[in-house]
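[1] Structure, please.
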Amino acid sequence: MLGLGFFFALFSSASLGLTAVSIRRGVLIGSPTVATLITVLLGMPLFLAVTAATGQLFRGSEIATDGYIERAYRRAPDGHRWL
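    All right, here's what the predicted structure looks like:
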């Protein structure tokens, strides 16, 4: 049986391919700004659709504010700050 990670990897690679094709087509037709706009306008609805399908859309409020602050100031393994 395939694990959940396999499906995430498959979706991630498909998303990367779709983004690359969208940017390439956008640059061929118009400017890089238009290509970026196309990928952003496609990415946000897809992100919302996936979070709604998995039931995570309205669970962002379950993360405590301390969790966001801790994540922002946590150090990377090499000792540097991420932000």
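[2] Tell me who's in contact with residue 54.
    With contacts defined as Cβ atoms under 8 Å, 6 or more residues apart in numbering, residue 54 has no neighbours. (C-beta placed from N, C-alpha, C; glycine too.)
[3] The residue nearest the centre of the chain: which element?
    Centroid check for the chain by Cα atoms, centre = their mean gives residue 47 as the closest residue, at 7.0 Å. If you go by DSSP states H and E, residue 47 is part of helix 32-54.
[4] tell me how far that helix is from the chain's mean position?
    Centroid separation for helix 32-54 versus its chain: 9 Å, with Cα atoms, centre = their mean, to the nearest Å.
[5] give me the number of residues near residue 18?
    14 (other Cβ atoms under 10 Å).
[6] Quick check: it touching residue 42?
    Yes. The criterion here is Cβ atoms under 8 Å, and residue 18 meets it with residue 42 at 7.5 Å.
[7] pretty sure residue 56 is in a helix, no?
    No. Residue 56: not assigned to a helix; according to DSSP: H, G, I helix; E, B strand; the rest coil it is coil.
[8] could you give me the average pLDDT of the helix or strand containing residue 25?
    Residue 25 belongs to helix 4-29 when assigned by DSSP H and E. Here helix 4-29 scores 78 as its mean pLDDT.
[9] what's the answer for stretch 58-68, then?
    On average, stretch 58-68 scores 75.
[10] So what's the gap between it and the chain middle?
    18 Å.
[11] Stretch 24-36 now?
    With Cα atoms, centre = their mean, you get 20 Å for stretch 24-36.
[12] How about residues contacting it?
    22-23, 37-39.
[13] Could you rerun that using 7 Å?
    Contact partners of stretch 24-36, identified using Cβ atoms under 7 Å, 6 or more residues apart in numbering, comprise 22-23, 38.
[14] what does stretch 4-11 give?
    Contacts for stretch 4-11 (Cβ under 7 Å, 6+ apart): none.
[15] and what of stretch 55-70?
    48, 51.
[16] now do 10 Å
    Identification of contacts with stretch 55-70 by Cβ atoms under 10 Å, 6 or more residues apart in numbering yields 47-52, 71.
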